[in-house]
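Student: Need a 3D model of the following:
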Amino acid sequence: MTSIINTAADNIVKDYAENIQFTKTNESYWKGTALGTRIDLGNIKLTKENEQYEEENPVEFHNKLKRYNGFNDSEPIEETFEEYWLVLTYNETSKQWIIDEVKDYYSYNDEFMKGKDVVKSDFK
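Tutor: The predicted structure follows:
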């Protein structure tokens, strides 16, 4: 499953694999659909330290999903909007931006996803 994640750092792939295994071990499962994303290109942070470029992207994931555990199997799937900062580093060798960290979204202003530079994708 995690072998299809080819633009994420090893630590991200490991975290997802552990979460999948934990869910299986606890006899839980997810149902749902990814509906789309929004990326706020106007609020990207780009830095360079020790010859390494790093970029923080504010991203919103739009889903319909629900985690089931045997006790709530009749509950309906819920629409969710999740906001994160995706931290990417540039790999000079592969010439790719790699997702290196996923951080909870925080902001010092209310301009998240409100500017003219918001890019939206739909997965319908």
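Student: how close does residue 31 sit to residue 114?
Tutor: Noted for residue 31: a distance of 32 Å to residue 114, by CB to CB, to the nearest Å. Just so you know, the C-beta spots here come from the backbone N, C-alpha and C atoms, and that holds for glycine as well.
Student: In contact with residue 53: list those residues for me.
Tutor: Neighbouring residues of residue 53 by CB atoms under 8 Å, 6 or more residues apart in numbering: 46, 47, 89, 90.
Student: what does residue 111 give?
Tutor: Contact analysis of residue 111 by CB under 8 Å, 6+ apart lists 42, 43.
Student: Shouldn't it be within a helix?
Tutor: No: secondary structure of residue 111 (DSSP: H, G, I helix; E, B strand; the rest coil): coil, not part of a helix.
Student: Check it and give its pLDDT.
Tutor: If you check residue 111, the pLDDT there is 70.
Student: now do residue 101
Tutor: Per the predicted model, pLDDT is 91 at residue 101.
Student: Reduced to three states, what does it come out as?
Tutor: What three-state DSSP gives for residue 101 is strand.
Student: distance of it from residue 61?
Tutor: 16 Å.
Student: for residue 22, same thing?
Tutor: Using CB to CB, residue 22 is found at 20 Å from residue 61.
Student: who's more crowded, these two?
Tutor: Using other CB atoms under 10 Å as the criterion, residue 22 and residue 61 rank with residue 61 on top: 15 against 10.
Student: Just the buried positions in the host helix or strand of that one, please.
Tutor: Assigning secondary structure by DSSP states H and E places residue 61 in strand 52-68. Buried residues in strand 52-68, defined by neighbour count with 16 or more other CB atoms under 10 Å: 54, 55, 56, 57, 58, 59, 60, 62, 63, 65, 66.
Student: Show me which of those is closest to residue 95.
Tutor: Ranked by distance to residue 95 (CB to CB), these are led by residue 55 at 14.6 Å.
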